[in-house]
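S.K.: Here's a sequence, model it:
(one chain, ligands or ions: 1)
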Amino acid sequence: MDKEELTKILKKEFSSSPEEEPIRFFSAPGRINLIGEHVDYAGGIVLPAAIDVSIRIAIRKNRGSLFRIFSAESGEKVEAEIITYNSKSSWVNYVFGVIEEFRKLGMEPTPFDLVVWGNIPQGAGLSSSAAFEVAVAFAISEIHSWKIRREEIALLGQRAENRFVGVNCGIMDQFVISTAKEGFCIALDTETLRYEYHEMQLDGSEFYLIDSKVKHSLKDSAYNERRMEVESAFLKIKKGKPFLKNLYQANLEDLENETFGLNPIEKKRAKHVVTERLRTSKAIANLKEGNSEIVGEILFECHNSLSKDYEVSCEETDFIVEQLKKEGVLGARMVGGGFGGCVLILDKKGRKDILFEKIKTLYRKEFNNDPQLYTFRISDGVKEF
Ligand code: GLA
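M.R.: Okay, here's the model as predicted:
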């Protein structure tokens, strides 16, 4: 939707006072992640990039006492003076959570009218929720001229998700959506929040996505459970190695060290985190060298680890990765939180359409459902448009 369409909807849904405030427009992208999955709450390095699907909002201060919010997708309208968790229209909690976090900083957002629309597939592992939080946080900061730094916007969005929405996510999604640059992925150290940009281009190769169409909801999934397992594994290792800052710094030997006493589940989860560290440093080096074959192999290894040790994949995404491997693509893996959603593929340029048709036929036969192909461009982070 463009400015004109959003304006039309906003004016139709919300009456305004005679001295109308200006309407402003913001958009926040979806994201993929090249490598470093499920390590952003264990102090790991992640390599995400923003893609050219987005959440768009139109926003105007309304001079009244109500926050008025309309979803152009579902047609639902929510009006509220007092902010409490809304279990009926759960999408609005992304806005409420952000307002609450501003309040905790002693910044009181003036009531506003807001229309939201988006084309980031939901529950597909492409971070539609983080995009919504970041778009709202950035917009609120801009319309009040608070000019909060992008890194702070990311942290505020994450707190909204953790505390209000109830998903104990890491910082990766909100961070990349806030700070992304066209053509680049970000190598973000989630322990220190230091980051650098890397060109995300491998000559002769291309990245694309296949959506399994199994929708995940991280709130109802085992996402929070995984985070707890990682934390308990870390606490056990830390007793013997107090200098460790996070689980990402542990070694494979630590997991087998009987004195630390990790249970079998903790060992598996920790194994994913530690081996992901090794895969990530190898991937960054090979990305710089333009070595797409090795980057591809690492993607397959990462998927295997997410599926077998971390257990956040599902039958459908495993099937897609398996079939793609048989077809000889360079690499493929589930992306994002997991439990469904998209598979990220790296392959030589020029054969994705034919390949996708094959996968689609096989997938339909197996699961009686149609997967979807998405191509994308690596784009900028949140912005006013
Ligand atoms: C979700 C979370 C992120 C991250 C990924 C897995 O997208 O929001 O913080 O943990 O899953 O890497």
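
S.K.: need the next SSE after the lengthiest strand in the chain, C-terminal direction.
M.R.: Secondary structure of the chain per DSSP state E: the longest strand is strand 48-61. Next along the chain after strand 48-61, taking DSSP states H and E as the criterion, comes strand 67-71.

S.K.: where does the stretch 151-300 of the chain dip in pLDDT?
M.R.: Applying pLDDT under 70 to the stretch 151-300 of the chain flags the ranges 219.

S.K.: Contact residues of it facing the ligand?
M.R.: Residues of the stretch 151-300 of the chain found near the ligand (Cβ under 6 Å from any ligand atom) are 169-170, 172-173. (Glycine included, C-beta is placed from N, CA and C.)

S.K.: all helices of the stretch 151-300 of the chain, in order?
M.R.: Counting by DSSP state H, counting those that start in this stretch, residue ranges of the helices within the stretch 151-300 of the chain are 172-179, 223-240, 252-256, 264-289, 292-308.

S.K.: Turn the ones you listed into JSON lines, including mean neighbour count.
M.R.: What follows is the helices of the stretch 151-300 of the chain, written out as JSON lines (neighbours: other Cβ atoms under 10 Å):
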{"stretch": "helix 172-179", "mean neighbour count": "28"}
{"stretch": "helix 223-240", "mean neighbour count": "18"}
{"stretch": "helix 252-256", "mean neighbour count": "15"}
{"stretch": "helix 264-289", "mean neighbour count": "19"}
{"stretch": "helix 292-308", "mean neighbour count": "21"}
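
S.K.: returning to that earlier point: and the longest strand of the chain, what's buried?
M.R.: 48-51, 53-61 (16 or more other Cβ atoms under 10 Å).

S.K.: And stretch 344-351, by the same measure?
M.R.: Neighbour counts over stretch 344-351 (16+ other Cβ under 10 Å) mark 344-348 as buried.

S.K.: Can you confirm whether that stretch lies near the ligand?
M.R.: No - shown here: stretch 344-351 not in contact with the ligand (Cβ under 6 Å from any ligand atom), separated by at least 11.9 Å.

S.K.: export that stretch as CSV, just CAs?
M.R.: In CSV, the C-alpha atoms belonging to stretch 344-351 read as follows (Å, rounded to 0.1, in the frame of the first residue of the first chain):
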residue,chain,number,x,y,z
LEU,A,344,16.5,-20.2,2.8
ILE,A,345,18.2,-21.6,-0.3
LEU,A,346,21.5,-20.7,-1.8
ASP,A,347,22.0,-22.0,-5.4
LYS,A,348,23.6,-21.3,-8.7
LYS,A,349,21.7,-18.6,-10.6
GLY,A,350,19.0,-19.4,-13.0
ARG,A,351,17.3,-22.6,-12.0
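
S.K.: Summarise which helices and strands the helix or strand where A130 lies is packed against.
M.R.: Taking DSSP H and E as the criterion, A130 maps to helix 128-143. Judged by 3 or more Cβ pairs under 8 Å, 6 or more residues apart in numbering; DSSP states H and E, helix 128-143 is in contact with strand 24-33, strand 48-61, helix 93-104, strand 112-118, helix 150-159, helix 172-179.

S.K.: Which of the buried residues of stretch 344-351 fall within strands?
M.R.: 344-348.

S.K.: Redo those residues as a markdown table? Include distance to C302 and pLDDT.
M.R.: Below are these laid out as a markdown table (distance: Cβ to Cβ, whole Å; pLDDT from 0 to 100):
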| residue | distance to C302 | pLDDT |
| --- | --- | --- |
| L344 | 10 | 98 |
| I345 | 13 | 98 |
| L346 | 11 | 98 |
| D347 | 16 | 98 |
| K348 | 20 | 97 |
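
S.K.: so who does the residue nearest to K147 when sequence neighbours are not counted touch?
M.R.: In space, and not counting its chain neighbours, K147 is closest to S141: 6.6 Å by Cβ to Cβ, 6 or more residues apart in numbering. For S141, the contacting residues are 147-148, 153, by Cβ atoms under 8 Å, 6 or more residues apart in numbering.

S.K.: Weed out the non-buried ones from those.
M.R.: In the contacts of S141, the ones that pass as buried (16+ other Cβ under 10 Å) are 148, 153.

S.K.: Looking at the stretch 251-385 of the chain, what residue ends up closest to the ligand?
M.R.: Per Cβ to the nearest ligand atom, G337 is where the stretch 251-385 of the chain lies closest to the ligand, at 3.4 Å.

S.K.: Quick check: closest non-adjacent residue to that residue.
M.R.: L218 (4.9 Å).

S.K.: Can you get me a residue count around the one you found?
M.R.: Neighbours of L218 under the rule other Cβ atoms under 10 Å: 22.

S.K.: any idea how far it lies from S54?
M.R.: Distance from L218 to S54, counting by Cβ to Cβ, to the nearest Å: 20 Å.

S.K.: again, but for S127
M.R.: 11 Å.

S.K.: Could you do V78 as well?
M.R.: From V78 to S54 the distance is 22 Å (Cβ to Cβ).

S.K.: Could you do P121 as well?
M.R.: Per Cβ to Cβ, P121 is found 12 Å from S54.

S.K.: one step back: identify, from the residues of the stretch 151-300 of the chain next to the ligand, the entry nearest to E4.
M.R.: D173 (29.6 Å; Cβ to Cβ).

S.K.: correct me, but the closest one touches G125?
M.R.: No - judged on Cβ atoms under 8 Å, D173 makes no contact with G125 at a distance of 10.1 Å.

S.K.: List the contacts of V382.
M.R.: Each residue near V382 by Cβ under 8 Å, 6+ apart is listed here: 26-29, 131, 134-135, 138, 150, 153, 177-178.

S.K.: Of these, keep whichever come out buried.
M.R.: Neighbour-count burial (16+ other Cβ under 10 Å) applied to these gives 26-29, 131, 134-135, 138, 150, 153, 177-178.

S.K.: so which of those comes closest to Q323?
M.R.: Nearest to Q323 among the buried ones among the contacts of V382, counting by Cβ to Cβ, is P29 at 28.7 Å.
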